[in-house]
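> this is the structure alone, sequence omitted:
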């Protein structure tokens, strides 16, 4: 049986807040404002992070950017190994993504497979002008040619280590934890 042992906290609530503020500034700068920007969070933890980034963008620019959530369950390449009854949470994007600069948000970038699934899901909804990727943590070990445009923190890890993002929106204290898998 595999267990995960906490090694250390690598980001506290203030660190997460500062990283999201910086990402919001970088999004605004790269897109020369936010006139044509929309932010989409990947379920589960990408959704509250996207909402927080959108709130910071609003503070910076004085404009509310369209924000949505994306469920990639049916686009996963490991769907058959997840069981016969995957839980679908639903996609909530109530704006046309065609022609927009979409900022896709997730908590941790690892192999890139989640992002590949999200790209497929977005493309099925329309043709954005661009898709940019914002992640709180980039831990390396890519299996696909995917990289983050905006990263809160780069944390080199071994394959035996894990990164867990805990958020207030889930009833936990904001924290990023580095753990290790013990068998």
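Now that the structure is in, tell me what you want to look at. Fair warning: this is a prediction, and the values are worked out from it, not measured in the lab. Residues are numbered from 1 along each chain as shown.

> off-centre distance for stretch 51-62?
Here stretch 51-62 is found 16 Å from its chain centre; the criterion is C-alpha atoms, centre = their mean, to the nearest Å.

> helix or strand with the lowest mean pLDDT in this protein?
Among the helices and strands of the chain, strand 3-11 carries the lowest confidence by mean pLDDT, DSSP states H and E, at a mean of 90.

> pull out the buried positions in it.
In terms of neighbour count (16 or more other C-beta atoms under 10 Å), strand 3-11 has its buried residues at residue 11. Just so you know, the C-beta spots here come from the backbone N, C-alpha and C atoms, and that holds for glycine as well.

> look at the most centrally placed residue in the chain and give its secondary structure.
Nearest residue to the geometric centre of the chain (C-alpha atoms, centre = their mean): residue 106, 0.7 Å. For residue 106, the secondary-structure state derived from DSSP: H, G, I helix; E, B strand; the rest coil is strand.

> how close does it get to residue 59?
Noted for residue 106: a distance of 22 Å to residue 59, by C-beta to C-beta, to the nearest Å.

> could you report the pLDDT at residue 83?
Turning to residue 83, the model gives it a pLDDT of 55.

> follow-up on the earlier one: tilt between the next helix or strand after the least confident helix or strand of the chain and strand 3-11?
Elements were assigned by DSSP states H and E; along the chain past strand 3-11, the next helix or strand is helix 13-30. In terms of direction (axes from the mean of the first three to the mean of the last three C-alpha atoms, to 10 degrees), helix 13-30 departs from strand 3-11 by 60 degrees.

> re the thing from before, which strands and helices sit next to the least confident helix or strand of the chain?
Applying 3 or more C-beta pairs under 8 Å, 6 or more residues apart in numbering; DSSP states H and E, one finds that strand 3-11 makes contact with strand 150-154, strand 161-166, strand 175-182.

> how about the secondary structure of residue 40?
strand.

> wait, it sits on residue 104?
Yes: counting by C-beta atoms under 8 Å, residue 40 touches residue 104, with 5.5 Å between them.

> stretch 168-180: which residues count as buried?
Per 16+ other C-beta under 10 Å, stretch 168-180 contains these buried residues: 174-179.

> residues in contact with that stretch?
Stretch 168-180 is contacted from outside by 4-13, 15-17, 45, 48, 136-137, 153, 155, 157, 160-167, using C-beta atoms under 8 Å, 6 or more residues apart in numbering.
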